[in-house]
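Novice: here is my input; please provide its structure:
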Amino acid sequence: MFGIPGKQAVTITPKAAAQIAKLMAKDSHEGLRIGVKKGGCAGMEYTMEYVKEVNPLDEIVEQDGARVMIAPMAQMFLFGTEVDYETSLLESGFKFRNPNVVDACGCGESIKFDDALSAPK
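Specialist: Numbers count the residues shown, from 1 in each chain. Predicted structure coming up:
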């Protein structure tokens, strides 16, 4: 696993934990897996998917009944990220506050990492 021993790769806000736990209970999933993939106008995009089976290589973060798995190839990109859940008049959704992002597109759906981090394959 990537990261600092004893330190979780990501933190989950109470609002995000509540939403993830709600989704897990509703559809009987093991949790949500977050990752990154090539795409979007800035070069990379976050991914989120329901997990029915835990990959032993995933890093697992559990908090307040919520379980998030971090895909192995995404761990270095997501280290230090805070996952939040925000609700506004126009939209609701998960938000990522990632200190590794150096640029983002105008719509906020696509991100760019420092060139020192190699892109996942």
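Novice: tell me what Glu82 is bridged to.
Specialist: Thr11, Arg97 (DSSP bridges).
Novice: for this structure, which spans come out with low pLDDT?
Specialist: Scanning the chain for pLDDT under 70 picks out the ranges 1-7, 42, 103-121.
Novice: just the strands in it please.
Specialist: Along the chain, the segments classed as strands by DSSP state E run 10-12, 31-38, 44-51, 59-63, 66-70, 81-87, 92-97, 101-104, 111-113.
Novice: how about those strands in TSV, adding mean neighbour count and distance to Ile20?
Specialist: Glycine gets a C-beta too; all of them are placed from N, C-alpha and C. Compiled in TSV, the strands of the chain are given as follows (neighbours: other C-beta atoms under 10 Å; distance: least, C-beta to C-beta, whole Å):
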stretch	mean neighbour count	distance to Ile20
strand 10-12	21	7
strand 31-38	19	6
strand 44-51	16	10
strand 59-63	18	9
strand 66-70	23	4
strand 81-87	17	8
strand 92-97	14	9
strand 101-104	14	21
strand 111-113	19	21
